[in-house]
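Engineer: Okay, sequence plus prediction incoming.
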Amino acid sequence: MEVWDAIRRRRSIRKYKSQPVGEELVQKILEAGRWAPSASNMQMWGTREFVVVKDAKIMEIIRKVSPGCPKTAPLAIFACSNRKRAYEKCGKFARDYLTTVDCAMAVENMLLMAHSLGLGACTVKSFSSVAVKQILEIPENVEPELMVTIGYPDEKPAPPPKIALEKITYLDRYGDKLFKKG
Amino acid sequence: MAINCSKKDDEHVGNKKKDEGNEYLFELATFLAVSASGCMDEPPSYGSLRLIEALSKLIDLPKHVSCLSEDKFLKGIKNDIDEKSSLILSNMEEFNGFIDELVSRFVIELKERQKRLS
Ligand SMILES: Cc1cc2nc3c(=O)[nH]c(=O)nc-3n(C[C@H](O)[C@H](O)[C@H](O)COP(=O)(O)O)c2cc1C
């Protein structure tokens, strides 16, 4: 699949079939996350970690404490920032900001990989971090930044509105339009 | 006035149904608690979203609690909520309009019910 096709046709999928996702597909998605960029390449210190939730019972509890989690998601991956390691290796800014950005980078890679494998995925932030940490026994200095639900899609959503490029792009100076009319 | 379910339960419904009702109530309570926490950080409009999602779940209560009966008006509301709540992601104006419309449907229904009761 072309990169542009994957970017353009990926949609947040919120309805899934019950069909389980094979282990090798999960691994490919995780690899896509692992290969994402990170500030100062700090991922090599283990500042970005992934928790895969496959157990149906645990998944059900996760769903119950996550108002934004699609109801039928069979599997989830939490992209977590290890803030302690980030602080130790790269300082305060890394701990408070960069690790979160790094997780987002990984998540987009995972979304695109899932899509290219014929799977559907959705980023979820509307979950109780306190509850998720307790359920998954995530230590205090590690933060579940984003959840990605994954499964075989059971819907084909229409693309949501996206703002026109002309309205958000400038040339050389903020406010000077890159795309001029006419 | 509180409704006593227990007698009817003893006669017609086994403990299984009772457990199911309690579990459902617990699930709804969990949803409200975690939503209360989420609303601290999420966009203010998500407060409305979570409330109507909770309303949709609440309307399902009769499916799990035998002494309640399905309400036609509420069922219609629930169908619309489930269909239209995603508007929050695509068209905020329509979402707001939908919430206002929900309220006005409740007002009409309130008046009708009052008429029926008096
Ligand atoms: C940081 C972030 C958090 C999100 N959280 C949720 C969420 O909790 N629940 C949900 O259903 N979708 C969530 N989404 C998905 C967005 O709603 C979705 O990306 C957006 O509506 C655009 O749709 P598209 O992904 O199909 O282009 C989130 C997306 C991002 C980037």
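Structural biologist: Nice, thanks for sending it over. Numbering: from 1, shown residues only, chains lettered A, B, ... in the order given.

Engineer: Tell me who's in contact with the residue in chain A positioned nearest to chain B.
Structural biologist: Closest approach between chain A and chain B, counting by CB to the nearest CB: A:S128, at 4.2 Å. Where C-beta positions appear, they are placed from N, C-alpha and C, glycine not excepted. Residues near A:S128 by CB atoms under 8 Å, 6 or more residues apart in numbering or on different chains: A:V65, A:S66, B:V34, B:S37, B:G38.

Engineer: Hmm, B:S56 is touching B:G76, no?
Structural biologist: No: using CB atoms under 8 Å, B:S56 is not in contact with B:G76; the gap is 11.7 Å.

Engineer: These two: which has the busier surroundings?
Structural biologist: The residue with more neighbours, out of B:S56 and B:G76, is B:S56; 17 against 13, by other CB atoms under 10 Å in any protein chain shown.

Engineer: Ignoring the adjacent residues along the chain, who's closest to the residue of chain A closest to chain B?
Structural biologist: The shortest distance from A:S128 to any non-neighbouring residue, by CB to CB, 6 or more residues apart in numbering or on different chains, is to B:V34 (4.2 Å).

Engineer: Mutual contacts of B:S56 and B:G76, please.
Structural biologist: By CB under 8 Å, 6+ apart, B:S56 and B:G76 have no common neighbours.

Engineer: can you point me to the longest helix in the chain?
Structural biologist: All of this is about chain A. helix A:99-116 (DSSP state H).

Engineer: sorry, should have said chain B
Structural biologist: Assigned via DSSP H, chain B shows its longest helix as helix B:92-117.

Engineer: Give me the distance between the residue nearest the centre of chain A and B:L110.
Structural biologist: By CA atoms, centre = their mean, chain A has its centre lying nearest to A:V107, at 2.8 Å. Distance of A:V107 to B:L110, given as CB to CB, to the nearest Å: 45 Å.

Engineer: Also A:K71?
Structural biologist: With CB to CB as the criterion, A:K71 and B:L110 are 31 Å apart.

Engineer: And for A:G151?
Structural biologist: In terms of CB to CB, A:G151 sits 42 Å off from B:L110.

Engineer: Neighbour count: the two, which is higher?
Structural biologist: Between A:G151 and B:L110, counted using other CB under 10 Å, the more crowded position is A:G151 (24 against 10).

Engineer: OK, contacts around that one?
Structural biologist: Contact analysis of A:G151 by CB under 8 Å, 6+ apart lists A:I13, A:Y16, A:K17, A:Q19, A:V21, A:T72, A:A73, A:P74, A:L75, A:L119, A:G120.

Engineer: Now which of those would you call buried?
Structural biologist: Listed as buried from the contacts of A:G151 are A:I13, A:Y16, A:V21, A:A73, A:P74, A:L75, A:L119, A:G120; burial here means 16 or more other CB atoms under 10 Å in any protein chain shown.

Engineer: A:T149: which element?
Structural biologist: Using DSSP states H and E, A:T149 maps to strand A:142-151.

Engineer: Pull the contacting residues for B:C39.
Structural biologist: Contact partners of B:C39, counting by CB under 8 Å, 6+ apart, are B:Y46, B:G47, B:R50.

Engineer: picking that back up, list the ones among the contacts of A:S128 that fall in helices.
Structural biologist: Short answer: these in helices (DSSP H) are B:V34, B:S37, B:G38.

Engineer: Among those residues, which one lies nearest to the ligand?
Structural biologist: Set against the ligand, the nearest of the ones in helices among the contacts of A:S128 by CB to the nearest ligand atom is B:G38 (8.9 Å).

Engineer: and stretch A:59-77, how far out from the chain's middle?
Structural biologist: 14 Å (CA atoms, centre = their mean, to the nearest Å).

Engineer: Inside strands: which ones of the contacts of A:G151?
Structural biologist: Those of the contacts of A:G151 mapping onto strands are A:L75, A:G120, per DSSP state E.

Engineer: Residue numbers of chain A in contact with chain B?
Structural biologist: A:K64, A:V65, A:S66, A:P67, A:G68, A:S126, A:F127, A:S128, A:V130, A:A131, A:P160, A:P161 (CB under 8 Å from any CB of the partner chain).

Engineer: coming back round to it: backbone phi and psi for the residue of chain A closest to chain B, please?
Structural biologist: phi -80, psi 110 (degrees, to the nearest 10).

Engineer: again with A:Q19
Structural biologist: In terms of degrees, to the nearest 10, the main-chain angles of A:Q19 are phi -50, psi 130.

Engineer: which residues touch it?
Structural biologist: Contacts of A:Q19 were listed using CB under 8 Å, 6+ apart, and they are A:P74, A:G151, A:Y152.
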